[in-house]
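Participant: Sequence and predicted structure are below.
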Amino acid sequence: MSTKKNNTSSWTFLTNHAHVLMRLAKNPSERIRDLAVEVGITERRVQRIIFELEDDGYLNHIRDGRRNIYKVFSRKPLRHCIEEHRQVCDLIQLINK
């Protein structure tokens, strides 16, 4: 879990939705269990976030045997009115530099 490195409080600038989406953009076949550990949330919460991202068209998945392969739709606009002039790919590029 990489959310608390020398921090005195537990808040972060990016949401768990952003963290899950960026992890799946980097590793489309990452397991929910591994996502949960990396983001620092429960597996159930990761499942709910994935459902919400799929429901809003930011993500989809295909089954590959027992695993899911996720596709991030990086040309979708960010959701908040302050950032809606940017796309998901802009956020991914900024963080993954």
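Facilitator: Cool, got the structure.

Participant: Now stretch 54-65: buried residues?
Facilitator: The neighbour-count check on stretch 54-65 (16 or more other Cβ atoms under 10 Å) flags 58, 59, 61 as buried. Where C-beta positions appear, they are placed from N, C-alpha and C, glycine not excepted.

Participant: would JSON lines of those with pLDDT, secondary structure and distance to residue 49 be doable?
Facilitator: Output for the buried residues of stretch 54-65, formatted as JSON lines (pLDDT from 0 to 100; DSSP: H, G, I helix; E, B strand; the rest coil; distance: Cβ to Cβ, whole Å):
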{"residue": "58", "pLDDT": "98", "secondary structure": "coil", "distance to residue 49": "10"}
{"residue": "59", "pLDDT": "98", "secondary structure": "strand", "distance to residue 49": "9"}
{"residue": "61", "pLDDT": "98", "secondary structure": "strand", "distance to residue 49": "13"}
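
Participant: any idea how far the host helix or strand of residue 91 is from the chain center?
Facilitator: According to DSSP states H and E, residue 91 maps onto helix 88-95. How far helix 88-95 lies from its chain's middle: 11 Å, per Cα atoms, centre = their mean, to the nearest Å.

Participant: follow-up on the earlier one: I'd like the buried residues of stretch 54-65 laid out as CSV, including distance to residue 87.
Facilitator: Below are these laid out as CSV (distance: Cβ to Cβ, whole Å):
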residue, distance to residue 87
58, 11
59, 14
61, 20
